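A.B. asks: Below are the sequence and a predicted model for it; my questions follow.
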Amino acid sequence: MKIGFIGGGNMASSIIGGLVASGVSASNIWASDPNADSLAKLREVAAVHTGSDNNALISQVNVVILAVKPQLMKVVALDIAAAVQTHQPLIITIAAGVASASLATWLGGSPAIVRCMPNTPALVRSGATGLYANDQVSAAQRRQASTILEAVGLALWVDNEAQLDAVTAVSGSGPAYFFLVMEAMQAAGRDMGLSAEIAQQLTLQTALGAAKMAVASDVDVGELRRRVTSPKGTTERAINILEDGGLRQLFAHALEGARVRAEELAIELEGE
Ligand SMILES: NC(=O)C1=CN([C@@H]2O[C@H](COP(=O)(O)OP(=O)(O)OC[C@H]3O[C@@H](n4cnc5c(N)ncnc54)[C@H](OP(=O)(O)O)[C@@H]3O)[C@@H](O)[C@H]2O)C=CC1
Ligand SMILES: O=C(O)[C@@H]1CCC=N1
């Protein structure tokens, strides 16, 4: 597999780091980006081939990962369309909100497209990615896409593209919800007299420990919560306050808002 990244920013850097750490040779990775600083940072991650010509990259590889900002996707796709039609690589797009049909229209022909939604913990190889393949993607190309995204964490396929909007709401935006909860817990700890440093360390270690336990556990997270909650104890008091405040409904409402916004973004980008 020869893999080319168009756009060599944060996400490209993290995926390249994951690929190399998982045994892919840097000599099989290309990246193109007009930003010389971005390319220099990538070369610090691994000795990949770098350049500024997106079309030259396409002639070298059989998998192209589009990792530019969503708003740039149309102009980049129109520019590489002829080369993609000639060389027929698998196209993997990680841009939020760019529908595979829009991308296929811009590229022309019948391109094999995998659209995916990763998240920022990919930067520390603990990402969660949802993937969708259009009808042109072969079984071998699906395996290639899985291999690439699994290099930076969990990678799960969804059956239809609309489900990527739900993936965006759950795991794409998800790290921000947990960061918000951590911010709130740290602030509450400080308000109760802990130093900022202690409130922060206790909060972060608790988040890490809870996540590790949840992933390793053979019971669901509801049961893990009940095991912390002693009858008439401290946790019960706090949980009751959160439940009475409508936390579950608030989360349902918030995630539905994110899902609807993902739908809106796709329509906005289609029209650009
Ligand atoms: N960060 C996140 O939380 C997530 C990001 N994504 C998606 O990943 C994609 C990349 O995000 P991220 O890595 O954070 O963005 P970055 O801005 O870090 O990287 C994008 C890179 O593309 C470069 N670029 C600009 N124009 C071109 C061009 N014509 N050809 C090639 N490269 C170009 C940019 O250069 P310059 O800086 O000079 O503009 C920049 O180096 C986005 O589409 C985003 O939606 C998906 C899930 C999560
Ligand atoms: O907030 C956003 O729109 C993007 C998509 C998922 C994470 N960040």
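C.D. replies: Noted; the coordinates are in hand. Ligands and ions are numbered 1, 2, ... in the order given.
A.B. asks: shaky segments in this structure?
C.D. replies: Counting by pLDDT under 70, the ranges of the chain that qualify are 272.
A.B. asks: same thing but at 80, please
C.D. replies: For the chain, the stretches flagged by pLDDT under 80 are 270-272.
A.B. asks: which residue does the stretch 151-272 of the chain bring closest to ligand 2?
C.D. replies: In the stretch 151-272 of the chain, no residue comes nearer to ligand 2 than Gly172, which is 3.4 Å away by CB to the nearest ligand atom. Glycine gets a C-beta too; all of them are placed from N, C-alpha and C.
A.B. asks: just checking, that residue touches Cys116?
C.D. replies: No: using CB atoms under 8 Å, Gly172 is not in contact with Cys116, being 9.9 Å away.
A.B. asks: Which neighbours do the two have in common?
C.D. replies: Common neighbours of Gly172 and Cys116, counting by CB atoms under 8 Å, 6 or more residues apart in numbering, are Gly130.
A.B. asks: Quick check: phi and psi on the residue lying farthest from the centre of the chain?
C.D. replies: Centroid-distance maximum for the chain: Lys232 at 40.6 Å, with CA atoms, centre = their mean. With angles defined as degrees, to the nearest 10, Lys232 sits at phi 60, psi 20.
A.B. asks: Give me the distance between it and Gln136.
C.D. replies: Counting by CB to CB, to the nearest Å, the gap from Lys232 to Gln136 is 60 Å.
A.B. asks: before we move on, what about Ala21?
C.D. replies: Ala21 sits 30 Å away from Gln136, going by CB to CB.
A.B. asks: Between the two, which is the more surrounded one?
C.D. replies: Gln136 (17 against 13; other CB atoms under 10 Å).
A.B. asks: Kindly indicate whether the more buried one is helix, strand or coil.
C.D. replies: coil (DSSP: H, G, I helix; E, B strand; the rest coil).
A.B. asks: which phi and psi does it have?
C.D. replies: phi -80, psi -10.
A.B. asks: Can you tell me the element Ala187 falls in?
C.D. replies: Using DSSP states H and E, Ala187 sits in helix 174-191.
A.B. asks: how about that helix: buried residues?
C.D. replies: Going by neighbour count (16 or more other CB atoms under 10 Å), the buried part of helix 174-191 is 174, 185-186, 189.
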